[in-house]
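**Q** Model the structure of this input:
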Amino acid sequence: MFLDINSILILVGIGLFAGVVNTLAGGGSLVTLPVLILFLGLDEATANGTNRLMVITAALVASYGYRSKGITTHPWGLYFGIVATFGAIIGARIAIDIDGDTFKRFLAIIMISVGLIIVFRSKSIASLDLPERLSGKYLIGGLIGFFFIGVYGGFLQAGVGIVIMLLLTQINRMNLLRTNSVKAFSVFIYSIAAVLIFAIDGKILWIVGLWMVLGSVTGAWLSSRWSVKKGDKLIRFTLLIMVSYMAVKLWLDTFNT
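**A** Alright, predicted model coming up:
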């Protein structure tokens, strides 16, 4: 695929914005996926697969960052990641095989739903310092939960971090640092399988994805050093406005094909 300078600027720009959004609020894929479909003309499966390069890179960088600070995920990140991998294989196959218009409508609904959750969710998901629950029925519940998280992550990915945080903080009672660390590592593990599935089917445009990765890494680096007291709120509502517009456009686009 030949990319002119305008396309490169768009890719770096949406990657940069997604990096900022993921750092301050979460849900960067809610922006990148519809841009790839609506404005760059990628088919739904290729947009979905290409977007995974940004997802897996971000997860790897975040996981390394937490590990360098001594926040361990072993062995839970590996356990949950492996279980999620089986689900991700199923989800990725569904994403490749599903009808394009059905995918657009599903994405539009998810975009609005997750966008509202991101904007209005409480910041203190796990405010109590309680003992972790990582054995017996709680471990089994976490493993089952991660299998279905893997299915959804393999299928779409957008907003999966919120579901992981709810599961680990509410069911397994991990604190937020451990939760974010396990989240990053498990997403990296199952994203390997998702990327392979999309790549084998020829649904990844590598040069497109790598330009987005460049923007995303830059955005994450800049926002991590930005005073986010007011920026967080601004990003959340900017995200909601953009997501709402593109969700409506995606839905209407299904009636024009």
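**Q** make it CA atoms for all contacts and neighbour counts henceforth
**A** Fine.
**Q** Do I have it right that residue 138 meets residue 171?
**A** Yes. The criterion here is Cα atoms under 8 Å, and residue 138 meets it with residue 171 at 6.6 Å.
**Q** which sections of the stretch 101-250 of the chain are below the confidence cut-off?
**A** 121-130, 223-235 (pLDDT under 70).
**Q** Let me see the ranges of the helices in it.
**A** 136-155, 160-166, 176-200, 206-224, 228-253 (DSSP state H, counting those that start in this stretch).
**Q** Output the ones you listed as CSV; include the columns distance to residue 74 and mean neighbour count.
**A** Converted to CSV, the helices of the stretch 101-250 of the chain look like this (distance: least, Cα to Cα, whole Å; neighbours: other Cα atoms under 10 Å):
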stretch, distance to residue 74, mean neighbour count
helix 136-155, 14, 21
helix 160-166, 17, 18
helix 176-200, 8, 22
helix 206-224, 25, 20
helix 228-253, 31, 17
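**Q** out of those, nearest to residue 36?
**A** With Cα to Cα as the measure, helix 206-224 is the member of the helices of the stretch 101-250 of the chain nearest residue 36 (9.4 Å).
**Q** Can you dump the C-alpha atoms of the closest one in CSV for me?
**A** C-alpha atoms of helix 206-224 as CSV (Å, rounded to 0.1, in the frame of the first residue of the first chain):
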residue,chain,number,x,y,z
TRP,A,206,2.5,-3.4,8.4
ILE,A,207,3.7,0.0,7.2
VAL,A,208,0.4,1.5,8.2
GLY,A,209,0.6,0.0,11.6
LEU,A,210,4.2,1.0,12.2
TRP,A,211,3.4,4.7,11.5
MET,A,212,0.6,4.4,14.1
VAL,A,213,3.0,2.8,16.5
LEU,A,214,5.4,5.7,16.1
GLY,A,215,2.7,8.2,16.9
SER,A,216,1.3,6.2,19.8
VAL,A,217,4.7,5.8,21.5
THR,A,218,5.3,9.5,21.1
GLY,A,219,1.8,10.4,22.5
ALA,A,220,2.3,8.1,25.5
TRP,A,221,5.7,9.6,26.3
LEU,A,222,4.4,13.1,26.1
SER,A,223,1.3,12.6,28.1
SER,A,224,3.1,10.7,30.8
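**Q** Now do that helix: distance to the chain's middle.
**A** 14 Å (Cα atoms, centre = their mean, to the nearest Å).
**Q** For stretch 93-102, list the C-alpha coordinates in CSV.
**A** Output of stretch 93-102 as CSV, limited to C-alpha atoms (Å, rounded to 0.1, in the frame of the first residue of the first chain):
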residue,chain,number,x,y,z
ARG,A,93,-11.3,-15.7,13.7
ILE,A,94,-14.8,-14.3,14.2
ALA,A,95,-13.5,-10.8,13.4
ILE,A,96,-12.0,-12.0,10.1
ASP,A,97,-15.0,-13.9,9.1
ILE,A,98,-17.8,-11.6,10.1
ASP,A,99,-19.7,-9.5,7.6
GLY,A,100,-18.3,-6.0,7.3
ASP,A,101,-21.6,-4.1,7.9
THR,A,102,-22.3,-6.2,11.0
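**Q** That'll do, ta.
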